[in-house]
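> what's the 3D shape of this:
(2 chains)
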Amino acid sequence: MGSQGSHHASKIPDIEAIKKETGFSQANIVRLHHRFRALDKEDKGFLSKENFLCIGELAVNPLCDRIINAFFENSNSLDFRSFIRILAHFRPIEEDKPKDPNSQEPINSRRNKLKFAFQLYDQDKDGKISRNELLQVLRMMVGVQVTNEQLESIADRTIQESDLDNDNAISFEEFAKSLEKMNIEHKMSIRFLK
Amino acid sequence: MLTVLLVILAGLATGDAGRGRNTTSDSRDDAGHGVHLESLQIVTFKWHHVQDPYIIALWILVASLGKIVFHLSHKVTTIVPESCLLIVLGLLLGGIVWAADHIASFTLTPTVFFFYLLPPIVLDAGYFMPNRLFFGNLGTILLYAVIGTVWNAATTGLSLYGVYQTGIMGPLEINLLDFLLFGSLIAAVDPVAVLAVFEEVHVNDVLFIIVFGESLLNDAVTVVLYNVFDSFVSMGAENVTGVDCVKGIVSFLVVSLGGTAVGIIFAFLLSLVTRFTKHVRIIEPGFVFVISYLSYLTSEMLSLSAILAITFCGICCQKYVKANIGQQSATTVRYTMKMLASGAETIIFMFLGISAVNPDIWKWNTAFILLTLVFISVYRIIGVIIQTWILNRYRMVQLGIIDQVVMSYGGLRGAVAFALVALLDSQKVKEKNLFVSTTIIVVFFTVIFQGLTIKPLVQWLKVKRSEHREPMLNEKLQGTAFDHILSAIEDISGQIGHNTMRDKWTSFERKFLSKVLMRRSAQKSRDRILKVFHELNLKDAISYVTEGERRGSLAFIRSPSTDNMVNVDFSTPRPSTVSTLLKENASMVCLDMQALEQRRKSIRDTEDMVTHHTLQQCLYKSRQEHKHLYSRHELTQDEDEKQNKEIFQRTMKKRLESFKSTKLGIKHSKIINRNYKRDRGQKRKSSGMNMIPNGKIPHEKDMEFSDSDDITNYDLEKDIGINFVASVTKQALTDTTKGNDNPVFSADDEQTIHMTFPPWLSSEDTVTPSQRAGVQIPYSPNNYRKLTSFRLSNGSIDKMLADGTEERPRTLLPESTNM
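Numbers count the residues shown, from 1 in each chain, chains lettered A, B, ... in the order given. As a prediction, this is how the structure comes out:
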């Protein structure tokens, strides 16, 4: 396993840089690289949106489109580096490691985790979740039985709950503030991405 | 049909039991007083006739009174856990009883404990189990419950045997199997004791669920180990073969999985039954108890793990039962369950104390007792450390050293161990009394000493506490979003983790189980986000009503003329609205007693008013209330509806009259225009106020509605209160815009035609987007208006109309009068 892993590892470009940037262990990077190549059906070295849509379970996820879009924020193709960088958001935070004040904020920090969730809402990238944007996501997440009327009132209520400056939209600061009591570190982490 | 059968069965059972009791006590009666029964006596003193139930009732009363006394002093109960106090009380009472007649007649017998006292506690635990937390930590819990308990049993038994060989304990008639048997019964962490102590400590959820889940699930292990060693002891050490050991392991699997299966089957049954209890609301709560109890008895009958069965019955049925049964039934179930559980717990601890006062069972052996105490504590600690070390390699939420300390320290032993040791056959186990005394000491030590010290320990170690907070729509919403995100990421990274599994389970559950087990109406409204929204809305509505009434009645007293009308209009229709809401939307939302109380309070407030139609409303109210009090079989909804209809008609008439009188002679369209302009102006004004950065808090917007006196009150309220008040104005403003567009109030139109239009539809449709866009201030948080139409969308159109229209005059009238 070990030799195979290291053998594979040598095929991954910039593995040291990735390790440093994402904090993933080598084994994890190797595993994710396997996954990356498995998804890359045509063996073209990058992923397209179609590759993601082939994942069966993902198709039934209500937020499927938004999440895929989050991967393809900048371009229509996704190389391994960007792929793993986004997955790194979900690496659990090490609690016991001493914080180095000089190093820049790690990708899996609380703030970055929140940022990831926030941008799923904020489609027009104006730094605010407007009522409409919230409504769209709500529509995706709640069942069909809920009427538009109800959805709108939920959206209103949600905005009202976190809207501090009364602009009828949720800025990132307000978003973070409204969730400050929530254990984002645990809620937005996946165990095996350690 | 099924219900009738059940009722008959239940009736027969109680009848039989009653007759049985009668005959036994009769025979005793005859034996005692056979001589006196010659002539007719007008009054006879038949103590023996009622003796047994009487004494039971008296003990329960004493225990409950004891609880009252403890809570008279708040200081005592914050320091000393109730379980300790109850044990001490039991010791005292046992002393008194023993001093009186020198017989320990009241002890905690295993039958009573296992059949009557334990089930309610475990059912309560299962029914209110936080499922997500429980299943999220299931792996950890299982490891501690299975491996941990086996480890504890084996090490304690073997170490005691080892020490016994050295001869410190002196001569005892014990062999290795006896030691192992003792180890197995003393090893298990006790759910009753853990619950009693941890409920007062409030450690964080994860820690609590791990210790508590372990104590529940280790029952299977305990039962199996106990049975295996018990039969080994009776077989004799020399006859035990390897086959028996294998059988033991197989029986563990059968007992645990079988118990779980029985629980799940009965949960399925129970959910299914509650789906069809709509017309027998009164006995609805009974099903929950009877069927879960049957699951316990069934698995006891099949010699499976009864605790597991009833736990899983509670865990699995809770979702469907809560969705299916009416709101009143849900409250009844909740409080009955809590009452039974807490009563059983009280009795258990008191009788533990009483049982200890019995010189016949005491056999002291210092070395044995002390060593048992040392071993169970030490091995618990070692076990926890080793298992946590293993677990932490797989867990995302790591268990720190502090958690481990609390987990080791929380390994309380309790009544289960005592009942098991009391079950031992003194013929086979020669040193039964030594085991009994040791168990009592261990239980007392863990409950009293550890129970007393765990709170300071938790404080000293700064263990993360659980905090109770208000549900936030945001958190719920984002929580759901996070779940979806995580399962998507798991899919993308190609690993099957918790989230994927949960996702799959939810979709399976939604597709199949819910369809079968839930009422159709309940299926609709079971979205989690929607549920929180419901709850928040209800809470708001209640505070809105109480607030409004308070203000309304105050203003009513102070201001003589014009406001009078306004305030009455503002406050009167409200109670009926909310109470109908509460009644109708029953199963969707669990309301607390507090809410019910508030509702009652609001009624009382209304009664204070003197106006004629207020009084009328009150009469409706109280009639409803009364009916609930004395209708035994059904809570007839039709009557309520009729009443509501009538109320609605009256209100409508009243509205029309007041409307006509105020608007008489003014052309209708002009009013709309004027009102609209004014509204916009006002909105600008208030939004302007909003923007003033000089620290004006939003509630000042509310000035137009209330006297300045009231504002000081708001300052006392928390954020929510302020939000709420702030939104009143916003809502009012939107109401006026919408109210004008609403055809119900165009006076020259035929009223009846528009009655068929639900107001929320018409108002939504007629408000043009440009109007909305023109509004400066976010009009959105008009919760209350939304609330009414939204909630009532399940009800009849009449009621919607009633509620939809009720609000408008309140906002229309002040403006017309103020002009």
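> can you pull the buried residues of the longest helix seen in chain B?
If you go by DSSP state H, chain B has its longest helix at helix B:242-275. By 16 or more other C-beta atoms under 10 Å in any protein chain shown, the buried positions in helix B:242-275 come out as B:248, B:251-252, B:254-256, B:258-275. Glycine gets a C-beta too; all of them are placed from N, C-alpha and C.
> show me where the stretch 51-200 of chain B dips below the pLDDT cut-off.
Applying pLDDT under 70 to the stretch 51-200 of chain B picks out residues B:104-105.
> one step back: mean confidence for the helix or strand following the longest helix of chain B?
Sequence-wise, the next helix or strand downstream of helix B:242-275 (DSSP states H and E) is helix B:284-301. Averaged across helix B:284-301, the pLDDT comes to 93.
> and helix B:284-301, what does it pack onto?
Applying 3 or more C-beta pairs under 8 Å, 6 or more residues apart in numbering or on different chains; DSSP states H and E, one finds that helix B:284-301 makes contact with helix B:2-33, helix B:118-127, helix B:242-275, helix B:306-324, helix B:327-356.
> between helix B:306-324 and that helix, find me the angle.
Orientation check (axes from the mean of the first three to the mean of the last three C-alpha atoms, to 10 degrees): helix B:284-301 against helix B:306-324 gives 160 degrees.
> residue numbers of the stretch 301-450 of chain B in contact with chain A?
B:394-398 (C-beta under 8 Å from any C-beta of the partner chain).
> just the buried residues from these, in PyMOL please.
Filtering these down to the buried ones (16+ other C-beta under 10 Å) takes a single PyMOL command:
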select buried, chain B and resi 395+396+397
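> I'd like the residues of the stretch 301-450 of chain B next to chain A as CSV, with secondary structure and pLDDT appended.
Below are these laid out as CSV (DSSP: H, G, I helix; E, B strand; the rest coil; pLDDT from 0 to 100):
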residue, secondary structure, pLDDT
B:Y394, coil, 81
B:R395, coil, 80
B:M396, coil, 76
B:V397, coil, 77
B:Q398, coil, 80
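> and the longest helix of chain B with helix B:284-301, angle?
170 degrees.
> tell me the mean pLDDT over helix B:242-275?
Rounded mean pLDDT across helix B:242-275 is 90.
> then stretch A:78-89?
So the average pLDDT for stretch A:78-89 ends up being 81.
> please point out which parts of that stretch sit buried.
A:78, A:80, A:82-89.
> ditto for stretch B:422-436
Applying 16+ other C-beta under 10 Å to stretch B:422-436 flags B:422-424, B:429, B:431-436 as buried.
> identify each buried residue in stretch B:197-213, please.
In stretch B:197-213, counting by 16+ other C-beta under 10 Å, buried: B:197-198, B:200-201, B:203, B:205-213.
> what do you get for stretch A:16-25?
So, applying 16+ other C-beta under 10 Å, buried residues of stretch A:16-25: A:18-19, A:21-24.
> list the contacts for B:I390?
Residues near B:I390 by C-beta atoms under 8 Å, 6 or more residues apart in numbering or on different chains: B:L143.
> surely it is in a helix?
Yes - B:I390 sits within a helix when classified using DSSP: H, G, I helix; E, B strand; the rest coil.
> give me the residue from the stretch 151-300 of chain B nearest chain A.
Closest residue of the stretch 151-300 of chain B to chain A, C-beta to the nearest C-beta: B:V206 (9.1 Å).
> returning to what we had before: which of the buried residues of stretch B:422-436 lies closest to chain A?
B:L423 (42.4 Å).
> contacts only, for the closest residue to the closest one other than its chain neighbours.
Excluding the flanking residues, the one nearest B:L423 by C-beta to C-beta, 6 or more residues apart in numbering or on different chains is B:P110, at 4.6 Å. Shown in contact with B:P110 (C-beta under 8 Å, 6+ apart): B:419-420, B:422-423.
> could I get those residues as TSV with secondary structure and pLDDT?
Shown next, in TSV, are those (three-state DSSP; pLDDT from 0 to 100):
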residue	secondary structure	pLDDT
B:A419	helix	90
B:L420	helix	89
B:A422	helix	88
B:L423	helix	87
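> thinking again about what came up before, for the buried residues of stretch A:16-25, which one is nearest chain B?
Closest to chain B, out of all of those and judged by C-beta to the nearest C-beta, is A:F24, at 10.9 Å.
> how many neighbours does B:T336 have?
16 (other C-beta atoms under 10 Å in any protein chain shown).
> pretty sure it sits against B:S292.
No - between B:T336 and B:S292 there is no contact under C-beta atoms under 8 Å: 12.0 Å.
> for the longest helix of chain B, name the packing helices and strands.
Checking 3+ C-beta pairs under 8 Å, 6+ apart, helix B:242-275 ends up next to helix B:205-235, helix B:284-301, helix B:306-324, helix B:514-517.
> quick one: mean pLDDT over the last one.
Just to be clear, that refers to helix B:514-517. For helix B:514-517, the per-residue pLDDT averages 80.
> before we move on, what about the third one?
Helix B:306-324 shows an average pLDDT of 90 in the prediction.
> contacts only, for the residue nearest the centre of chain A.
For chain A, the residue nearest the mean C-alpha position is A:F116 (4.7 Å; C-alpha atoms, centre = their mean). For A:F116, the contacting residues are A:70, A:86, A:89, A:188, B:485, by C-beta under 8 Å, 6+ apart.
> per-residue pLDDT of it, please?
83.
> now for A:A38, how many residues are close by?
10.
> that one and B:G494 touch, don't they?
Yes - between A:A38 and B:G494 there is a contact under C-beta under 8 Å: 6.9 Å.
> related to what we said a few turns ago, with distance to B:I376 and secondary structure added, can I get the buried residues of stretch A:16-25 in a markdown table?
Formatted as a markdown table, these follow (distance: C-beta to C-beta, whole Å; DSSP: H, G, I helix; E, B strand; the rest coil):
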| residue | distance to B:I376 | secondary structure |
| --- | --- | --- |
| A:I18 | 50 | helix |
| A:K19 | 47 | helix |
| A:E21 | 50 | helix |
| A:T22 | 46 | helix |
| A:G23 | 42 | coil |
| A:F24 | 43 | coil |
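> of the residues you listed, which is the nearest to B:I369?
Taking C-beta to C-beta as the measure, B:I369 lies nearest A:G23 of these, at 52.8 Å.
> of the helices and strands packed on helix B:284-301, which stretch is the most buried?
helix B:306-324 (a mean of 27; mean count of other C-beta atoms under 10 Å in any protein chain shown).
> relative to chain A, how far out is the closest residue to B:L513 other than its chain neighbours?
In space, B:L513 comes closest to B:Y320 once its chain neighbours are excluded; the distance is 7.9 Å by C-beta to C-beta, 6+ apart. The gap separating B:Y320 from chain A is 17 Å, by C-beta to the nearest C-beta, to the nearest Å.
> residues contacting B:Y320?
B:270-271, B:274-275, B:513-514, B:517-518.
> any chance of the residues you listed in TSV, with distance to B:V374 too?
Output for these, formatted as TSV (distance: C-beta to C-beta, whole Å):
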residue	distance to B:V374
B:L270	45
B:S271	47
B:T274	50
B:R275	54
B:L513	49
B:S514	52
B:L517	50
B:M518	53
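> tell me how chain A divides into domains.
With domains defined by automatic domain parsing, chain A comprises A:1-90, A:106-194.
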